[in-house]
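*Asks:* would you be able to build a 3D model of this:
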Amino acid sequence: MAAPDALLTLAEIALGLAGFTGVIVVFGRDPNAPWQGVDAYRVARMLSASLGGLFFSLLPEGLLATGLAPPLAWRACSALLLVYLLLAGRTAALAARALEPEQRAYLDVRYLRAVPALLGAVGVVLALNALGVWWSPGYPAYYFGVLAVLAFAAFQFVRIVFVRPGRL
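*Replies:* Here you go, the predicted structure:
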């Protein structure tokens with residue numbers, strides 16, 4: 001059994017987001033001015049999420065190709081994605097705390113507080129999927145977990161483009 005084609009579509013989207021990160025790095029700033037801390041933070045989060053989404057979009061195909069039973073493969077993928085979300089969230093929190101207070105103000109917008117809550121909910125769903133709590137543990141929960149990672153990358157892209165330091 002191969003992984004659903006929808007995951008390959010997510011891999012293409014992830015690759016596109018990673019490419020946009022490169023475009024932002026090259027063209028998104030004044031070459032004579034240093035990066036603002038918040039811009040570097042957002043670019044790092046966007047790149048991490050897009051490359052993470054790419055990896056986790058392709059992972060099931062590899063696990064299923066080894067002959068691993070599909071329920072076990074989806075459980076393993078969900079568990080690994082959950083670990084990634086926890087580590088990425090911890091890294092993001094530490095990097096945000098390291099920003100200067102005036103730079104951190106661009107991250108402390110009220111509606112942004114829903115993003116960690118949403119990713120936390122996705123983490124709970126992935127944990128339940130990994131533990132086999134679903135009536136048929138597998139692909140749907142994992143798909144939405146990868147989709148959430150890519151949504152976070154796209155959200156960072158929008159924030160980089162439209163919420164610039166000095167225009168909060």
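*Asks:* what about the helices in this protein?
*Replies:* Using DSSP state H, the helices of the chain run over residues 5-27, 37-65, 70-97, 101-104, 114-131, 139-162.
*Asks:* thought residue 14 was touching residue 57?
*Replies:* Yes: using C-beta atoms under 8 Å, residue 14 makes contact with residue 57 at a distance of 5.9 Å. Every residue, glycine included, has its C-beta placed from N, CA and C.
*Asks:* list the buried residues in stretch 122-139.
*Replies:* Buried residues in stretch 122-139, counted by 16 or more other C-beta atoms under 10 Å: 122, 123, 125, 126, 127, 129, 130, 134, 137, 138, 139.
*Asks:* the fifth one touches residue 82, doesn't it?
*Replies:* Yes: counting by C-beta under 8 Å, a contact exists between residue 127 and residue 82, whose distance comes to 5.5 Å.
*Asks:* can you name every helix or strand that the helix or strand bottoming out on mean pLDDT in the chain contacts?
*Replies:* Lowest mean confidence among the helices and strands of the chain (mean pLDDT, DSSP states H and E): helix 114-131, at a mean of 77. Counting contacts by 3 or more C-beta pairs under 8 Å, 6 or more residues apart in numbering; DSSP states H and E, helix 114-131 packs against helix 70-97, helix 139-162.
*Asks:* worst mean pLDDT among these?
*Replies:* Here those differ in mean pLDDT, and the lowest is helix 139-162 at a mean of 85.
*Asks:* send me that one as CSV with only the CA atoms.
*Replies:* Provided in CSV are the C-alpha atoms of helix 139-162 (Å, rounded to 0.1, in the frame of the first residue of the first chain):
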residue,chain,number,x,y,z
TYR,A,139,-3.7,8.5,7.4
PRO,A,140,-6.4,11.2,8.1
ALA,A,141,-5.0,12.5,11.4
TYR,A,142,-1.5,12.4,10.1
TYR,A,143,-2.5,14.3,6.9
PHE,A,144,-4.0,17.1,8.9
GLY,A,145,-1.0,17.2,11.2
VAL,A,146,1.3,17.8,8.2
LEU,A,147,-1.2,20.3,6.8
ALA,A,148,-1.1,22.2,10.1
VAL,A,149,2.7,22.4,9.9
LEU,A,150,2.5,23.8,6.3
ALA,A,151,-0.3,26.2,7.4
PHE,A,152,2.1,27.5,10.0
ALA,A,153,4.8,28.0,7.4
ALA,A,154,2.4,29.9,5.1
PHE,A,155,1.3,32.0,8.1
GLN,A,156,4.9,33.0,8.7
PHE,A,157,5.2,33.9,5.0
VAL,A,158,2.2,36.2,5.3
ARG,A,159,3.6,37.8,8.5
ILE,A,160,7.0,38.4,6.9
VAL,A,161,5.5,40.1,3.9
PHE,A,162,2.7,42.1,5.5
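*Asks:* alright, that wraps it up for me.
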